[in-house]
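A.B. asks: predicted structure and sequence below. I'll ask about it afterward.
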Amino acid sequence: MVKYIIGLIVLVVWLFVLKVLDKSKLRFWHYIVGSLGLFVILFIFVEPLLTRPLSQIVALLASLPGKIGNMYQAYYRYGTIFVNSRLGAITLQIDLECSGIIEIMAYVSLLTFFRVYSISERITVGILGTIGIVLANALRIVVICTMIYFGGTGVYYIAHTFVGRIVFYVLSIILYFYVFTKPQIIKQKVGKFKYDAGK
């Protein structure tokens, strides 16, 4: 209860500061405060509702290659995956950090205040990007489970801490490039020169 009261206070203060920044035409600060504030608000109000369903979805998607290759079993209702390798068995719990909810909230927060897109474009890119993050996260789990299946429980730390994260972050960088960097460069105008003038 206290968490939600604090959340409401943060929401009111955030909306007031956004209004002031918008009237002052401080676009950079409007973007920074808007994105950070929205992330905090989503973390307070939305994260508790979506972490478990998202964990179940990621476990379900990650279970498909496991079933096909008969390498591991996913109990997606509980957000867990059981890997039984020749060198030991391990159960992976897909929790807050592994669900991808933090990355999705960060992505949505940044995109919401990214004025390069129209509102309808932001909604479309937001939905597609969220699906992309979920799929990238499921692929990360598949990579981790596959490494454990072939290498045993001893490779868990390397698979989870390094290889899985590298796979996920490389895919995230590609997503961020196509969503944030490339459109910004294309729509940028310097004097009479415009990058997409040839179209």
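C.D. replies: Looks like it came in fine. Residues are numbered from 1 along each chain as shown.

A.B. asks: ok, now how distant is residue 51 from residue 15?
C.D. replies: Noted for residue 51: a distance of 25 Å to residue 15, by Cβ to Cβ, to the nearest Å. C-betas here are computed from N, CA, C, even on glycine.

A.B. asks: packing partners for the strand or helix carrying residue 9?
C.D. replies: For residue 9, the host element (DSSP states H and E) is helix 2-23. Under the contact criterion of 3 or more Cβ pairs under 8 Å, 6 or more residues apart in numbering; DSSP states H and E, helix 2-23 touches helix 27-45.

A.B. asks: on that earlier part again, who's more crowded, residue 51 and residue 15?
C.D. replies: The neighbour comparison of residue 51 against residue 15 (other Cβ atoms under 10 Å) goes to residue 51, with 20 against 12.

A.B. asks: is it true that that one touches residue 97?
C.D. replies: No: contact criterion Cβ atoms under 8 Å: residue 51 and residue 97 do not qualify, at 9.7 Å.

A.B. asks: need the strands for the protein, in chain order.
C.D. replies: Along the chain, the segments classed as strands by DSSP state E run 72-75, 80-85, 88-93, 189-190, 193-194.

A.B. asks: strand partners of the second one, parallel vs antiparallel please.
C.D. replies: Right, strand 80-85. strand 72-75 (antiparallel), strand 88-93 (antiparallel) (DSSP bridges).

A.B. asks: and these: which comes nearest residue 118?
C.D. replies: Residue 118 sits nearest to strand 72-75 of all the strands paired with strand 80-85, at 38.9 Å, using Cβ to Cβ.

A.B. asks: with adjacent residues omitted, what lies nearest to residue 155?
C.D. replies: Excluding its sequence neighbours, the residue lying closest to residue 155 (Cβ to Cβ, 6 or more residues apart in numbering) is residue 147, at 5.2 Å.

A.B. asks: list the residues that contact residue 92.
C.D. replies: Taking Cβ atoms under 8 Å, 6 or more residues apart in numbering, we find residue 92 in contact with 80, 81, 82, 83, 98, 141, 144, 145.

A.B. asks: and the longest helix belonging to the chain, which residues are buried?
C.D. replies: Ranked by number of residues, the top helix in the chain under DSSP state H is helix 119-151. Buried residues in helix 119-151, counted by 16 or more other Cβ atoms under 10 Å: 122, 125-126, 129-130, 132-134, 136-149.

A.B. asks: do the same with stretch 101-118
C.D. replies: Within stretch 101-118, the residues that count as buried by 16+ other Cβ under 10 Å are 101-114, 116-117.

A.B. asks: distance-wise, check the residue lying closest to residue 65 once chain neighbours are set aside relative to residue 161.
C.D. replies: Closest residue to residue 65 apart from its sequence neighbours, by Cβ to Cβ, 6+ apart: residue 142 at 5.0 Å. Distance, residue 142 to residue 161, using Cβ to Cβ: 16 Å.

A.B. asks: thank you kindly, that will do.
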